[in-house]
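Novice: what would the 3D arrangement of this be:
(one chain, ligands or ions: 1)
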Amino acid sequence: MQMDAQIQRLVHLQSLDVRLAELRNRLQAIPAQLAVVDARVSGARQEIAGAKEALTTSLKDRKRYEMDVDSWKDKARKYRDQSFAVKTNEAYKALQHEIQHAETQVAQAEDRLLERMVAGEEYERQVKAAERAVIVVESEAQAERQRIQAEQASLQQELQAKEAQRREIAPEISEELRDTYERVASRRHGIGLAEVRDEACSLCGLRIRPHVFQELRRNDSHEILQCESCTRILYYVEPPVAASPGAELKASAAGITANEA
Ligand SMILES: [Zn+2]
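Specialist: Numbers count the residues shown, from 1 in each chain. The predicted structure is shown next:
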């Protein structure tokens, strides 16, 4: 088969490869996208757990301070009862001192208790707010997961279709040309083909020698011509005079160069 017919297939193959690489990249990024969504949900759940833990601690403190209040009240009552029975002034004074101390302790324990009760209410509010937030986050996450999974399915579908197309056209290109293309593409970010425009390689800008350019313009050429700088396989499309068949080729090649940039 003549070079221009081969090249035409290779241009198609190249555009498939560019799209395939893009599809594979996007598919590869999907697990990370899903992980971000999951992390958002578990973050919101942790907020609940944190608020609940604070609430539990606060309730425990509250129990303890309640017991403190009771026990100091008991002590004060006991000293007061004893004070009715004492015989000496010193003993009475000592008990009065103890009563005062116990009452101070009661007041302090009551202050701490009140503080815990206020804090407990705040923690209860936080738990409820966190629970409401989780419901919102989870429903958003569900929608987001569905969107990502739908995208994944459509990317997968396109990938399979493009791979099938590639399998179909690859054998129509000579092995030598295909091997050269694969070798260059693997070293040049997946782009193994370069259109010649204004007598220069459109991808690296190197000027094409006149005799190479002449060879590129020949319809019956069988030679693989590569850019001396970037080594990409060169091809040339005659500018459309009227409605030339080259116009279509040029349009699909434009897709390749856009991707390179
Ligand atoms: Zn080049």
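Novice: all contacts plus neighbour counts: C-alpha atoms, from now on.
Specialist: Will do.
Novice: quick one, longest helix in the protein?
Specialist: Of all the elements of type helix in the chain, the one with the most residues (DSSP state H) is helix 3-85.
Novice: chain center to it: distance?
Specialist: Between the mean C-alpha point of helix 3-85 and the mean C-alpha point of its chain there is a distance of 17 Å (Cα atoms, centre = their mean, to the nearest Å).
Novice: for it, which helices and strands make contact with it?
Specialist: Using 3 or more Cα pairs under 8 Å, 6 or more residues apart in numbering; DSSP states H and E as the contact criterion, the secondary-structure elements in contact with helix 3-85 are helix 89-169, helix 246-260.
Novice: again, only this time at 6 Å
Specialist: If contacts are counted by 3 or more Cα pairs under 6 Å, 6 or more residues apart in numbering; DSSP states H and E, helix 3-85 sits against helix 89-169.
Novice: what does the stretch 51-200 of the chain put close to the ion?
Specialist: Taking Cα under 5 Å from the ion as the test, the list of the stretch 51-200 of the chain residues beside the ion is empty.
Novice: in the stretch 51-200 of the chain, what residue comes closest to the ion?
Specialist: Ala194 (6.7 Å; Cα to the ion).
Novice: so the longest helix of the chain versus helix 89-169, what angle?
Specialist: Between the axis of helix 3-85 and that of helix 89-169 there is an angle of 170 degrees, by axes from the mean of the first three to the mean of the last three Cα atoms, to 10 degrees.
Novice: distance check, Leu23 against the ion.
Specialist: As judged by Cα to the ion, to the nearest Å, Leu23 and the ion stand 26 Å apart.
Novice: actually Cys201, not the one I wrote
Specialist: For Cys201, the distance to the ion equals 5 Å [Cα to the ion].
Novice: quickly list what that residue is bridged to.
Specialist: Assessed by DSSP bridges, Cys201 has beta-bridge partners Val196.
Novice: how many neighbours does it have?
Specialist: Counted with other Cα atoms under 10 Å, the burial measure for Cys201 works out to 26 neighbours.
Novice: circling back to that earlier point, the residue of the stretch 51-200 of the chain closest to the ion sits in which helix or strand?
Specialist: Under the assignment given by DSSP states H and E, the secondary-structure element containing Ala194 is strand 193-197.
Novice: so for Arg218, what's the pLDDT?
Specialist: At Arg218, the predicted lDDT confidence score is 86.
Novice: quick check on it: phi, psi?
Specialist: Note on Arg218: its backbone torsions stand at phi -70, psi 140 [degrees, to the nearest 10].
Novice: for it, give its distance to Gln46.
Specialist: Counting by Cα to Cα, to the nearest Å, the gap between Arg218 and Gln46 amounts to 70 Å.
Novice: which residues touch Gln6?
Specialist: With contacts defined as Cα atoms under 6 Å, 6 or more residues apart in numbering, Gln6 is in contact with Ile173.
Novice: let's see it at 10 Å
Specialist: Under the criterion of Cα atoms under 10 Å, 6 or more residues apart in numbering, the contact list for Gln6 reads 172-174, 177-178, 222.
Novice: give the residue farthest from the middle of the protein.
Specialist: For the chain, the C-alpha lying farthest from the average C-alpha position belongs to Lys87; by Cα atoms, centre = their mean, that distance is 81.9 Å.
Novice: which of the contacts of Gln6 are buried, as a PyMOL select command?
Specialist: Burial among the contacts of Gln6 is assessed by 16 or more other Cα atoms under 10 Å; the matching PyMOL selection reads:
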select buried, resi 173+177+178
